[in-house]
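> Mind looking at a prediction? Sequence and model below.
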Amino acid sequence: MADVLFENEEHKCVFFDDYTEGEMISANQHLIIHKGVGMLLDPGGHKVYSKIFSALPEYTPPSALKYLFLSHQDPDIVASINAWLMVTDADAYLPQIWTTFVAHFGVDATASKRMHGIPDEGRILDLEGCPLKLIPAHFLHSAGNFHVYDPVSKILYSGDLGAALSDYRFVEDFEAHIPHMLGFHQRYMASSTACKLWAKMVRTLDIEMIAPQHGAMFSGKEMVNQFIDWVEGLEVGADHMQSVYQIPK
Ligand code: FE
């Protein structure tokens, strides 16, 4: 089911609530529309593609998609990229270090010309006058990883950071939500240092909502700040898993 997270006369943020099925990990897709031009974030896998493509015209014609954003290289993010490039004129932006890897998902030679690498430092992407910030989130979890900050809606799209296995749309009780996030973050996030650097960086932004690619969203400044504080104090990845580095007996 799709829903609108933010709307004014010229700007709209649409949320596609988990179009996955079967054994797929649940995943959310997001669409930002500014002055009639769109960017689709983390479009997902093959089966999700047909559902999002069907749902899209209620909000924007596929021909009005200008950008496809891929936060990192995982299949639940990028597997349908060739189909999206074939049916739209959109340009895809993904971490520079993953461009030649994502090509293995069967991107046709003509379409690959519209795949662009984002440098490690990130960049601003102009969506019809709306300066979307593609901000570095490397090692959270992927080695090349970006988040999107929308300065109009003040939504930070955080990809896998904040992911949870939960069946509610918004986090109401942060402490009760932690058990749904903790194991995923300890295992999938790569670096405690990156967690601290990310927290310091995003505190400089005016954020009203954090929208992960899996599970519930964090709405309102209080919830947003609780989440940032939680990330800052996490011990994850290799720091958390030192005991497993032993030869199996
Ligand atoms: Fe991922």
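Thanks, I have it.
> bridging residues for the residue nearest the centre of the chain?
Among the residues of the chain, the one closest to the centroid is G159, at 2.8 Å (Cα atoms, centre = their mean). Beta-bridge pairing for G159 (DSSP bridges): P212.
> isn't it right up against H30?
No - G159 lies out of contact with H30 (Cβ atoms under 8 Å); the separation is 10.4 Å. For glycine as for every other residue, the C-beta is placed from the backbone atoms N, C-alpha and C.
> What does the pLDDT read for the residue nearest to the centre of the chain?
The per-residue pLDDT reported for G159 equals 96.
> For it, which residues are in contact?
Applying Cβ atoms under 8 Å, 6 or more residues apart in numbering, we find G159 in contact with D42, S71, H72, I77, A137, L140, N145, F146, H147, P212, Q213.
> quick one: low-confidence ranges for the protein?
Low-confidence segments of the chain (pLDDT under 70): 18-26.
> What's the biggest helix in it, counting residues?
In the chain, taking DSSP state H as the definition, the longest helix is helix 174-188.
> Does Q73 touch S142 like I think?
Yes - here Q73 reaches S142: they are 6.2 Å apart, a contact under Cβ under 8 Å.
> Overlap of the contact sets of those two?
With contacts taken as Cβ under 8 Å, 6+ apart, the residues that reach both Q73 and S142 are P95, W98.
> one step back: turn the contacts of G159 into JSON lines, columns for distance to W230, neighbour count and secondary structure.
Listed next are the contacts of G159 as JSON lines, based on distance: Cβ to Cβ, whole Å; neighbours: other Cβ atoms under 10 Å; DSSP: H, G, I helix; E, B strand; the rest coil:
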{"residue": "D42", "distance to W230": "22", "neighbour count": "23", "secondary structure": "coil"}
{"residue": "S71", "distance to W230": "20", "neighbour count": "28", "secondary structure": "coil"}
{"residue": "H72", "distance to W230": "21", "neighbour count": "25", "secondary structure": "coil"}
{"residue": "I77", "distance to W230": "23", "neighbour count": "26", "secondary structure": "helix"}
{"residue": "A137", "distance to W230": "16", "neighbour count": "27", "secondary structure": "coil"}
{"residue": "L140", "distance to W230": "13", "neighbour count": "29", "secondary structure": "coil"}
{"residue": "N145", "distance to W230": "19", "neighbour count": "25", "secondary structure": "coil"}
{"residue": "F146", "distance to W230": "21", "neighbour count": "25", "secondary structure": "strand"}
{"residue": "H147", "distance to W230": "16", "neighbour count": "28", "secondary structure": "strand"}
{"residue": "P212", "distance to W230": "13", "neighbour count": "22", "secondary structure": "strand"}
{"residue": "Q213", "distance to W230": "18", "neighbour count": "25", "secondary structure": "coil"}
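> list the contacts for the residue of the chain at minimum distance from the ion?
Across the chain, no residue is closer to the ion than D74, which sits at 3.6 Å (Cβ to the ion). Applying Cβ under 8 Å, 6+ apart, we find D74 in contact with S142, D160.
> What is the burial count for the nearest residue to Q73 once chain neighbours are set aside?
Once flanking residues are discounted, Q73 sits nearest to W98: 4.1 Å by Cβ to Cβ, 6 or more residues apart in numbering. Using other Cβ atoms under 10 Å, W98 has 22 neighbouring residues.
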